[in-house]
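S.K.: Pasting the sequence and the predicted model now:
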Amino acid sequence: MGKKILLEHENVPGIETFDVYRSKGGYASVEKALKTMTPDQVTEEVKTSGVRGRGGAGFPAGMKWSFLDRKSDKPRYLVCNADESEPGTFKDRYLMERIPHLLIEGMITSSYALGAKTSYIYVRGEYMYVIRILERAIEEARAAGFVGKNILGTDYSLELYVQPGAGAYICGEETALLESLEGKRGNPRLKPPFPAIAGLYASPTVVNNVETICAVVPIINNSGNAYSQIGIGKSTGTKLISASGHINKPGVYEIDLGLPVEEFIYSDEYCGGIWKGRKLKAVVAGGSSVPILPANLILKTAKGEPRLMSYESLSDGGFATGTMLGSGGFIVMDETACIVRNLWTFTRFYHHESCGQCSPCREGTGWMEKVLHRIEHGHGHMDDIDLLVDVAKKIEGNTICPLGDAAAWPVASAIRHFRDEFEYHVRFPEKVKNPKHFEIEPMEAALATAR
Ligand SMILES: Cc1cc2nc3c(=O)[nH]c(=O)nc-3n(C[C@H](O)[C@H](O)[C@H](O)COP(=O)(O)O)c2cc1C
Ligand code: SF4
């Protein structure tokens with residue numbers, strides 16, 4: 001069993017209050033950083049830790065910090081991305097509602113390293129109660145001298161603000177988030193320039209995910225080197241996984257990166273196996289945007305090696321046989337799940353959330369939704385399957401932001417791995433009109449009939 005470093009105190013009564021959090025060693029990283037380290041030394045520790053961004057892309061946080069334009073005479077900003085709208089992902093919410101001071105502590109230590117005097121936490125609008133929890137935590141931290149002017153008697157001062165979003169998934173994309181924070185419509189920006197050069201108010205800005213910023217606390221407390229010893233290869237540290245779907249124990253789990261996927265799904269310590277004694281059919285391992293994998297490929301790579309919960313192992317085989325760790329939204333499907341229905345639901349979401357700036361995404365997501373709707377509802381044609389692949393290909397790589405790719409990859413991967421199910425839908429329209437068709441006639445039997 002891995003040691004919890006972010007969720008170590010998750011079950012301590014009152015841990016959401018400053019006094020209890022402090023009694024458990026809270027805010028030690030702020031004291032250590034501000035009193036004994038220079039901002040560059042803090043950045044070096046984060047680099048040494050190897051921690052990669054936990055928002056989805058997995059970019060090394062220390063490297064991102066070192067790109068920040070420190071020569072500019074404009075103010076620098078740290079913006080925490082707490083938009084968390086990726087379907088299947090709910091770990092940031094858990095961190096913020098359960099241990100809000102961990103994020104506030106991480107924000108202060110990280111802002112010090114970056115030389116930011118004003119920092120923001122941009123929270124998904126639907127998380128209204130979380131916003132209140134964070135605001136209360138900031139006020140407690142301020143009363144204790146950790147936020148505001150001359151923190152702990154040093155010459156470092158910081159103002160922290162919580163900004164609610166208005167419920168748009170696209171505002172989780174970092175440049176759309178910055179637009180929204182500036183009071184504009186949340187449309188992604190063309191890059192370059194990247195936020196490290198011209199971000200919030202055209203000033204040097206670092207945008208990091210909630211979990212990434214929380215990880216800075218143990219990194220500074222225990223050293224970057226100690227953090228880098230946890231995990232496997234370039235997947236250092238621990239990762240929070242939001243586990244949902246057809247498992248016995250859905251929830252948020254902190255794992256050491258490198259844990260075998262099979263152990264994560266079947267051991268009682270984590271998901272506790274597939275519910276109702278059913279068989280595993282497929283997994284979407286990193287939030288709805290990543291390619292879906294069938295049971296055999298999520299448990300083992302195409303080379304026959306055990307698949308691990310790490311950036312490298314999950315992507316082994318590329319998109320032909322692999323996927324991505326993404327945001328760690330781990331959605332498990334049992335044998336009764338309908339892949340076409342599931343994909344239609346995901347695609348409906350992307351169509352609804354497309355900001356509309358690029359034609360391939362705006363039009364393509366709409367077309368994919370329409371075609372999937374007709375296949376799932378028994379009105380599809382055989383040609384529709386290749387049409388979907390074609391539309392997905394035309395979106396991929398041809399848009400301003402990765403939402404287009406996020407919509408295309410699930411479609412392409414579902415057809416790559418489950419084409420026979422799409423064909424079944426076209427050949428047996430009467431059977432698939434019932435949304436629970438694979439519960440009534442288990443998938444394997446249904447497909448055997450089709451063959
Ligand atoms: C459509 C879209 C939605 C995103 N939503 C989120 C989100 O809710 N939270 C998040 O941290 N990153 C999200 N990202 C990734 C961010 O653009 C960015 O990479 C991330 O906040 C950087 O933080 P990290 O390096 O700590 O992961 C999203 C990206 C895209 C394209
Ligand atoms: S890919 Fe989609 S969401 Fe992203 S900028 Fe283009 S239209 Fe907007």
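M.R.: Good, I have the coordinates. Ligands and ions are numbered 1, 2, ... in the order given.
S.K.: and the residue lying closest to Ala243 once chain neighbours are set aside, what are its phi and psi?
M.R.: Of all residues beyond its chain neighbours, the one nearest Ala243 is Phe330 (4.8 Å), with distances taken as C-beta to C-beta, 6 or more residues apart in numbering. C-beta coordinates here come from the backbone N, C-alpha and C atoms, glycine included. Its backbone dihedrals place Phe330 at phi -100, psi 100, with angles given as degrees, to the nearest 10.
S.K.: what helices or strands is the longest strand seen in the chain leaning on?
M.R.: When secondary structure is assigned using DSSP state E, the longest strand within the chain turns out to be strand 238-245. With contacts defined as 3 or more C-beta pairs under 8 Å, 6 or more residues apart in numbering; DSSP states H and E, the secondary structure elements packing on strand 238-245 are helix 91-98, helix 210-222, strand 251-256, strand 329-334.
S.K.: So what angle separates the directions of the longest one and helix 91-98?
M.R.: Spelled out, it's helix 210-222. When axes from the mean of the first three to the mean of the last three C-alpha atoms, to 10 degrees is applied, the directions of helix 210-222 and helix 91-98 differ by 60 degrees.
S.K.: same for helix 210-222, what does it pack against?
M.R.: helix 28-36, helix 39-49, helix 61-67, strand 77-82, helix 91-98, helix 100-114, helix 224-228, strand 238-245.
S.K.: what's the burial count for the closest residue to Thr48 other than its chain neighbours?
M.R.: Once its chain neighbours are removed from consideration, Thr48 has its nearest residue in Gly224; the separation is 3.1 Å (C-beta to C-beta, 6+ apart). Around Gly224 there are 21 other residues, counting by other C-beta atoms under 10 Å.
S.K.: Gly224: what's it in contact with?
M.R.: Taking C-beta atoms under 8 Å, 6 or more residues apart in numbering as the contact definition, Gly224 lies against Glu44, Glu45, Val46, Lys47, Thr48, Ser49, Gly50, Gly62.
S.K.: from these, which would you call buried?
M.R.: Buried residues within those, defined by neighbour count using 16 or more other C-beta atoms under 10 Å: Glu44, Glu45, Val46, Lys47, Thr48, Ser49, Gly50, Gly62.
S.K.: Farthest pair within those?
M.R.: Using C-beta to C-beta, these span at most 12.2 Å, a distance reached by Glu44 and Gly50.
S.K.: can you list residues touching both of these two?
M.R.: Taking C-beta under 8 Å, 6+ apart as the contact definition, Glu44 and Gly50 share the neighbouring residues Gly62, Gly224.
S.K.: Export the helices and strands packed on strand 238-245 to CSV and append columns for distance to ligand 2.
M.R.: Listed next are these as CSV, based on distance: least, C-beta to the nearest ligand atom, whole Å:
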stretch, distance to ligand 2
helix 91-98, 21
helix 210-222, 22
strand 251-256, 27
strand 329-334, 19
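S.K.: between the ones you listed, which gets nearest to ligand 1?
M.R.: Of all the helices and strands packed on strand 238-245, the one in closest proximity to ligand 1, counting by C-beta to the nearest ligand atom, is helix 210-222 (3.4 Å).
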